[in-house]
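Chemist: pasting a predicted model and its sequence here:
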Amino acid sequence: QLHLVESGGGLVQPGGSLRLSCQASGFTLDYYVIAWFRQAPGKEREGVSCISNNGKNTNYADSVKGRFTISSDNAENTIYLQMNSLEPEDTAVYYCAAGRVASMKSWAYDFWGQGTQVTVSS
């Protein structure tokens, strides 16, 4: 059974950093695109970043470009999201998702983790 588990969320001050991890089990990243999404209270889920199955192609939402970096360790079956220069507007539940097509749209992804809370506040 395909399974995704996020970790690494928490409370951080504005300007700080966090690294989120997405551990996959039951399948290999070699055959899936992985994306990070986030959802803030009262807002729609939005795509943050995605990475191709071979780790060579990445995409970012304009709001996080230059601050967030997605990477993959296929040997460990883990995807990371390094988040720097965090802002209060980054506060949300962050989800990782697996699918077959690279997209920043949630409908493109078949498998989802349970999410991890990121709170940016002083």
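Modeler: Happy to help now that I have it. As the structure is a prediction and not an experimental result, all values here were calculated from the model. Numbers count the residues shown, from 1 in each chain.
Chemist: any idea which residue sits dead centre in the protein?
Modeler: What sits nearest the mean C-alpha location of the chain, by CA atoms, centre = their mean, is residue 36, with 2.5 Å.
Chemist: thought that residue was touching residue 96?
Modeler: Yes: using CB atoms under 8 Å, residue 36 makes contact with residue 96 at a distance of 5.6 Å. Where you see a C-beta, it was placed from the backbone N, CA and C, and this is true even at glycine.
Chemist: joint contacts of these two?
Modeler: Common contacts of residue 36 and residue 96 (CB atoms under 8 Å, 6 or more residues apart in numbering): 20, 22, 79, 81.
Chemist: show me the contacts for residue 82.
Modeler: Going by CB under 8 Å, 6+ apart, the list of residues near residue 82 reads 17, 19, 68, 69, 70, 71.
Chemist: circling back to that earlier point, and the shared contacts of residue 36 and residue 96, which two are furthest apart?
Modeler: Greatest spatial distance among the shared contacts of residue 36 and residue 96 (CB to CB): 20 and 79, at 8.7 Å.
Chemist: just grab the bridge partners of the closest residue to residue 76 other than its chain neighbours for me.
Modeler: With sequence-adjacent residues excluded and distances taken as CB to CB, 6 or more residues apart in numbering, residue 76 is closest to residue 23, at 8.0 Å. Counting by DSSP bridges, residue 23 forms beta bridges with residue 5, residue 78.
Chemist: quick one, what contacts residue 23?
Modeler: 4, 5, 7, 76, 77, 78.
Chemist: and for residue 111?
Modeler: Counting by CB under 8 Å, 6+ apart, residue 111 has contacts 2, 3, 4, 97, 98, 99.
Chemist: how much space between it and residue 5?
Modeler: 11 Å (CB to CB, to the nearest Å).
Chemist: about what we covered before: same list (the contacts of residue 23) but as a markdown table, adding pLDDT, neighbour count and distance to residue 30.
Modeler: Formatted as a markdown table, the contacts of residue 23 follow (pLDDT from 0 to 100; neighbours: other CB atoms under 10 Å; distance: CB to CB, whole Å):
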| residue | pLDDT | neighbour count | distance to residue 30 |
| --- | --- | --- | --- |
| 4 | 97 | 23 | 15 |
| 5 | 97 | 14 | 19 |
| 7 | 98 | 13 | 22 |
| 76 | 92 | 12 | 12 |
| 77 | 93 | 16 | 9 |
| 78 | 95 | 18 | 13 |
